[in-house]
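>>> Below: sequence and its predicted model.
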Amino acid sequence: MNSLPAQGDLVEIRLGPQRAWMVCHPQLVHRMLVDTRTFDKGGPQYERLRVLMGDGVVTCPHAEHRRQRRLLQPTFRPAGVAAQTEPMAEEAAALCRDWRTGQRVDVSAATLSLTTRLISRLLLSDSLGPDAADEVRHCLAAIVRGLFVRTVVPVDVLFRLPTPANRRYRRAVERVRELIDTAVDERRRGTPRDDLLGLLLAAAETGDGDAPVTDAEVHDQLVSLLLTGSESPSMCLASAFSLLAQHPEAERRLHAEVDTVLAGRLPDVDDLPRLVYTRSVLTETLRHSPPGWLFTRVTTRETEFAGHRLAQGTTVLYSPYLLHHDPASFPEPDRFRPERWLEGEAAGPRGALIPFAAGSRKCIGDLFSMAEMTVALATVAGRWRLRHPAGRVAPPRPGATLGPRSLTMICTSRADAPRGTAPQAVALAPGAMTAASKAENTRRDGDNGVGHA
């Protein structure tokens with residue numbers, strides 16, 4: 001994929017028997033993302049996602065998006081996110097409370113468990129209990145494994161065969177739907193709550209002009225936001241821990257900031273603006289290893305784009321990973337350098353950093369995701385140092401998202417280690433990308449932005 005820009009700014013490629021166009025220049029990608037009437041959500045990726053998520057805010061076509069976004073936006077406003085900071089810190093502390101020095105921790109499972117619980121609390125309060133949230137996590141792992149191949153292999157009959165992988169995928173999808181439906185039914189019989197489900201149910205009861213909120217939409221919104229709000233931030237956090245273990249100086253700077261700002265306590269909402277380097281670590285992780293690494297759009301009409309005439313219904317792809325690894329935008333793109341996001345450093349040209357997309361379909365949960373990841377990273381880093389086991393670090397496998405899916409690391413309590421020490425850096429497999437995860441954009445580009453809602 002990284003070889004495509006040498007072929008031009010817009011390159012025709014094959015997806016099996018289908019043809020598509022890959023957009024390779026950041027300004028063209030930005031133009032495409034803000035023109036949602038011409039470049040709508042569609043193509044193989046969203047056709048498969050709609051089977052899973054229905055027509056919620058993540059996958060709905062342009063005509064439906066404005067109404068849905070307005071309906072859901074109050075939950076994701078800064079004040080709503082600020083109110084979630086304390087639960088974020090509590091959950092992050094609980095995540096690592098029982099770790100012991102020398103213990104091997106499944107970091108991928110731990111971060112996914114954390115983000116699943118946090119998005120569940122935001123959407124459903126306590127309607128999805130710990131056991132159900134854990135079951136969602138296991139289902140999500142199976143769904144993500146099966147979703148990418150369904151996107152890139154445009155042969156439906158293959159996925160109707162009764163293979164073990166197909167059965168696992170179908171069972172996982174059905175079980176997530178059952179868990180969500182059960183939570184909705186229980187809430188309807190119980191006390192109203194101030195969360196996104198409560199917002200949706202109130203809208204369903206009062207009506208919404210000519211487009212009332214149906215039971216199907218309630219279900220679709222919850223499934224869409226639960227899945228995207230769990231997977232992408234968990235991938236980013238796992239990638240951040242892996243990258244920090246390979247870059248001891250960045251880890252030392254992170255620990256120094258956390259020790260200074262928090263002094264051993266849990267972070268609160270007032271600490272977030274002060275955790276500058278912590279946020280730089282996460283922004284650089286989103287640049288270096290973006291969880292959402294490949295997306296599709298489809299043209300709604302014939303259009304001229306980058307000197308090419310694209311027919312209606314043409315599939316157009318763009319890749320945050322490709323843009324984020326362009327040396328013209330980010331010098332030494334394969335290096336993990338959080339310092340590039342600090343004051344006075346070059347942050348790349350406008351449109352080059354897009355972990356949350358851009359325009360009206362920029363991720364609705366970007367503020368929430370960045371806050372939860374900042375709180376989680378600061379909480380864990382204040383207490384623990386994570387290192388890779390001896391040997392080479394396995395490269396991540398691209399799937400529906402990009403990041404380490406079975407990352408095991410060894411934890412050491414920072415209370416047990418002399419301050420200033422750091423684990424030895426480990427070598428990467430030859431040609432491998434550093435192990436990597438819908439965060440926040442650079443402060444200098446407010447409308448750029450792993451979930452593309």
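Nice, thanks for sending it over.

>>> Now for residue 217: which residues touch it?
Shown in contact with residue 217 (Cβ atoms under 8 Å, 6 or more residues apart in numbering): 54-56, 68, 200, 204. (Glycine included, C-beta is placed from N, CA and C.)

>>> Let me see the ranges of the strands in the stretch 1-150 of the chain.
Assigned by DSSP state E, counting those that start in this stretch, the strands in the stretch 1-150 of the chain fall at 10-15, 18-23, 39-41, 104-106.

>>> related to what we said a few turns ago, closest one of the contacts of residue 217 to residue 330?
residue 56 (32.8 Å; Cβ to Cβ).

>>> which residues touch the closest residue to that closest one other than its chain neighbours?
Distances taken as Cβ to Cβ, 6 or more residues apart in numbering place residue 224 nearest to residue 56, at 3.3 Å, with adjacent residues excluded. Residues in contact with residue 224, defined by Cβ under 8 Å, 6+ apart, are 53-54, 56-59, 453.

>>> Repeat that for residue 303.
38, 309-310 are the contacts of residue 303 under Cβ under 8 Å, 6+ apart.

>>> that older thread, for residue 59, see how far away the residue nearest to residue 56 is.
For residue 224, the distance to residue 59 equals 7 Å [Cβ to Cβ, to the nearest Å].

>>> what touches both of the two?
residue 53.

>>> what's the spacing between the longest helix anywhere in the chain and its chain's center?
Among the segments of the chain that qualify as a helix by DSSP state H, the longest is helix 215-246. In terms of Cα atoms, centre = their mean, to the nearest Å, the centre of helix 215-246 is found 5 Å from the chain centre.

>>> Could you give me the buried positions within it?
Residues 217-246 are the ones in helix 215-246 that count as buried (16 or more other Cβ atoms under 10 Å).

>>> By neighbours, which of the contacts of residue 224 wins?
residue 58 (29 neighbours; other Cβ atoms under 10 Å).

>>> Can you tell me, leaving aside adjacent residues, what's nearest to that residue?
Per Cβ to Cβ, 6+ apart, closest to residue 58 is residue 224, 4.2 Å.

>>> how near is that neighbour to residue 351?
Relative to residue 351, residue 224 is positioned 26 Å away (Cβ to Cβ).

>>> Next: residue 211.
Between residue 211 and residue 351 the distance, using Cβ to Cβ, works out to 33 Å.

>>> So for these two, which sits in the more crowded spot?
Neighbours were tallied for residue 211 and for residue 351 using other Cβ under 10 Å; the higher tally belongs to residue 351 (21 against 12).

>>> List phi and psi for that one.
Main-chain torsions, residue 351, degrees, to the nearest 10: phi 90, psi -10.

>>> Check it and give its pLDDT.
Looking at residue 351, its pLDDT stands at 81.

>>> For the nearest residue to it once chain neighbours are set aside, which residues are in contact?
Among residues not flanking residue 351 along the chain, residue 30 sits closest, at 3.5 Å (Cβ to Cβ, 6+ apart). Shown in contact with residue 30 (Cβ under 8 Å, 6+ apart): 350-351, 354, 358-359, 448.

>>> Of those residues, which is the nearest to residue 45?
Closest approach to residue 45 among the contacts of residue 30 (Cβ to Cβ): residue 354, at 15.8 Å.

>>> Quote the end-to-end distance of stretch 350-365.
In terms of Cα to Cα, to the nearest Å, the two terminal residues of stretch 350-365 are separated by 21 Å.

>>> list the buried ones in it?
If you call a residue buried by 16+ other Cβ under 10 Å, then stretch 350-365 has these buried ones: 350-359, 361-365.

>>> go on, stretch 92-110?
Neighbour-count burial for stretch 92-110 flags 92-93, 95-96, 99, 105, 107-110 (criterion: 16+ other Cβ under 10 Å).

>>> any chance of those in TSV, with pLDDT too?
Listed next are the buried residues of stretch 92-110 as TSV, based on pLDDT from 0 to 100:
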residue	pLDDT
92	97
93	97
95	95
96	97
99	97
105	97
107	97
108	94
109	93
110	96
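
>>> tally of neighbours for residue 6?
A count of nearby residues for residue 6, using other Cβ under 10 Å, gives 8.

>>> ok so, going back, and the residue nearest to residue 351, what pLDDT?
95.

>>> repeat for residue 263
With respect to pLDDT, residue 263 scores 95.

>>> elements contacting the helix or strand that contains residue 203?
According to DSSP states H and E, residue 203 maps onto helix 196-206. Packed against helix 196-206 by the contact rule (3 or more Cβ pairs under 8 Å, 6 or more residues apart in numbering; DSSP states H and E) you find helix 62-72, helix 107-124, helix 164-189, helix 215-246.

>>> Which residue ranges of the stretch 301-450 of the chain form strands?
303-305, 308-310, 315-318, 384-387, 408-413.

>>> so which of these comes closest to residue 268?
Checking the strands of the stretch 301-450 of the chain against residue 268 by Cβ to Cβ gives strand 384-387 as the closest, at 20.0 Å.

>>> For that closest one, enumerate the helices and strands it packs against.
Under the contact definition 3+ Cβ pairs under 8 Å, 6+ apart, strand 384-387 sits against helix 215-246, strand 408-413.

>>> Ok, which of these comes nearest residue 3?
When the helices and strands packed on strand 384-387 are compared by Cβ to Cβ, helix 215-246 sits nearest residue 3, at 23.3 Å.

>>> after that closest one, next one along is what?
Later in the chain than helix 215-246, the nearest helix or strand by DSSP H and E is helix 248-262.

>>> Give me the helices and strands touching the helix or strand just after that next one, please.
Once the chain leaves helix 248-262, the next helix or strand it forms, by DSSP H and E, is helix 276-288. In this structure, helix 276-288 packs against helix 215-246, helix 248-262, helix 320-324, helix 366-381, with contacts taken as 3+ Cβ pairs under 8 Å, 6+ apart.

>>> Kind regards, and thank you for your time.
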